[in-house]
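Student: pasting the structure only:
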């Protein structure tokens, strides 16, 4: 599998550069404040509709959660966007056992309370206007591979222009109060309830 690479100089540059891009290309970027649990790692499950998605959560992490950032990407993006590995990206190199190893690696990351792992459960890009979010099976394998306490946070980002030349991005965050028994269907249902609420709030912004 492809592992993240640590380089403090490159990481600091992209901390600045990602904020610069967001400030430059968006009229505003809004997100609600969630108090992080310092004694638990964070697994963020987010919708995936654009090139920006990982950068939005990277920005929020720097401002709000202040954890060591990691993001699961596909092999194509890992190889195509060279700097991703320096900001915490990891990916499976092959199918089969390599995917199992990657999910196990993600679970080990979640064993460390200092870490945040971002996952897009849809597995690929979808429109920002879909009515529901699909979940790939690997999400549950990742959770089961971890043995420590995890805060699962749902994230939905929606973009609108309204009367502005530049778009406004709104990220809606919700900490999921984990059930004693977690299944893929339960996780998917809970996330989609959050997603529907986010869309409803976004729609009311027009009023």
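Tutor: Done, it's in. As the structure is a computational prediction, the values presented were derived from the model and not from experiment. Residues are numbered from 1 along each chain as shown.

Student: Would you map the strands across this protein?
Tutor: 28-31, 41-46, 68-72, 89-90, 115-119, 150-160, 168-176 (DSSP state E).

Student: quick check: angle from the lengthiest helix in the chain to strand 41-46?
Tutor: When the chain is parsed with DSSP state H, its longest helix is helix 184-204. If you take axes from the mean of the first three to the mean of the last three CA atoms, to 10 degrees, helix 184-204 sits at 60 degrees to strand 41-46.

Student: Only the buried residues of helix 184-204, if you could.
Tutor: Residues 184, 187-188, 190-192, 194-195, 198-199, 202 are the ones in helix 184-204 that count as buried (16 or more other CB atoms under 10 Å). C-beta: built from backbone N, CA, C; applies to glycine.

Student: Go through the residues you listed and name the one nearest residue 166.
Tutor: residue 202 (16.8 Å; CB to CB).

Student: How about that closest one, nearest residue that isn't a chain neighbour?
Tutor: residue 158 (4.5 Å; CB to CB, 6 or more residues apart in numbering).

Student: try residue 79
Tutor: Residue 79's closest residue in space is residue 2 (CB to CB, 6+ apart), at 8.0 Å.

Student: how close does that neighbour get to residue 78?
Tutor: Computed with CB to CB, to the nearest Å, the distance linking residue 2 and residue 78 is 5 Å.

Student: next one: residue 127
Tutor: 24 Å.

Student: Compare the two (neighbour count), which wins?
Tutor: Taking neighbours as other CB atoms under 10 Å, residue 127 and residue 78 compare with residue 78 leading, 21 against 9.

Student: Skipping its backbone neighbours, what lies nearest the more buried one in space?
Tutor: Of all residues beyond its chain neighbours, the one nearest residue 78 is residue 91 (4.0 Å), with distances taken as CB to CB, 6+ apart.

Student: Is that neighbour in contact with residue 73, as I believe?
Tutor: Yes: assessed by CB atoms under 8 Å, residue 91 is found in contact with residue 73 at 5.1 Å.

Student: Report the buried residues of the lowest-mean-pLDDT helix or strand in the chain.
Tutor: Using mean pLDDT, DSSP states H and E, helix 75-80 stands out as the lowest-scoring helix or strand of the chain, at a mean of 82. Residues of helix 75-80 classed as buried: residue 78 (neighbour count, 16+ other CB under 10 Å).

Student: follow-up on the earlier one: dump the residue contacts of the residue nearest to residue 78.
Tutor: 1-2, 72-75, 77-78, 102 (CB atoms under 8 Å, 6 or more residues apart in numbering).

Student: let's see 7 Å
Tutor: 1-2, 73-75, 78 (CB atoms under 7 Å, 6 or more residues apart in numbering).
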